[in-house]
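Asks: Okay, sequence plus prediction incoming.
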Amino acid sequence: MNLPNKLTVLRIFMIPIFIVVAVVPLNWGEVSILGTSLEVTQFVAAIIFAVASITDWLDGKIARKHNLVTNFGKFADPLADKMLVMTAFIVLVEQGKAAAWIVAVIVCRELAVTGLRLLLVEGGEVMAAAWPGKIKTATQMVAIILLLLNNVPFASLGLPLDQIMLYTCLAFTIYSGVDYFAKNKDVFKDSM
């Protein structure tokens, strides 16, 4: 197994660790960051999520740079990304930090685009990630981290950047989903 695939597998194994740290009441105490009190478990969960997110960026970069693209990577990398993001958003809904309707829209878009990718693969095409999708992913990662951290360090400034990023990622989620379907509408020609 090459390095990019090992990073993908690591990301998948980090998901249950993230869940345990984020959800199980471990009572590790609190830490004060820039005058804002934060549970240690929230801080650790945010770090785990951030590290997992970095492996997403890193595995793709390494795979492309060193020509280490494999069928396992093509399958497991996007799956690991979706599992990580969906898990984090579901945890945030449980914690009351993200609205369920927003997370439902995000999850539905992810499933729809994954289905579109499968249809295109059957036709011998590959749908590469476009810029709106990349911005969507980046804003999701930032929103999730800020929400896990209770908007530290921006809470002390009265700036709801966590919520701003959540709505930004929602906008890019919708825009990128529409963009992917508009650009690939021909895949549905024979079924209408």
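Replies: That came through fine.
Asks: shaky segments in this protein?
Replies: 191-192 (pLDDT under 70).
Asks: Repeat the analysis, applying 90 as the threshold.
Replies: Low-confidence segments of the chain (pLDDT under 90): 1, 25-39, 56-57, 59-61, 63-64, 68-79, 114-115, 117-134, 152-158, 184-192.
Asks: center of it, which residue is that?
Replies: For the chain, the residue lying nearest the average C-alpha position, counting by Cα atoms, centre = their mean, turns out to be Val85 (3.2 Å).
Asks: Contacts for the host helix or strand of that residue next, please.
Replies: For Val85, the host element (DSSP states H and E) is helix 71-94. Residues from elsewhere that reach helix 71-94, judged by Cβ atoms under 8 Å, 6 or more residues apart in numbering: 1-2, 4-5, 8-9, 11-12, 14-15, 18-19, 22-23, 45, 49, 52-53, 56, 59-60, 63, 98-100, 103, 106-107, 110, 114, 117, 137, 140-141, 144, 147-148. Any C-beta I mention is one placed from the backbone N, CA and C, and that applies to glycine too.
Asks: Can you select the buried ones among those residues for me in ChimeraX?
Replies: Those of the contacts of helix 71-94 that count as buried under 16 or more other Cβ atoms under 10 Å are selected in ChimeraX with:
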select :2,4,5,8,9,11,12,14,15,18,19,22,45,49,52,53,56,59,60,63,98,103,106,107,110,117,137,140,141,144,147,148
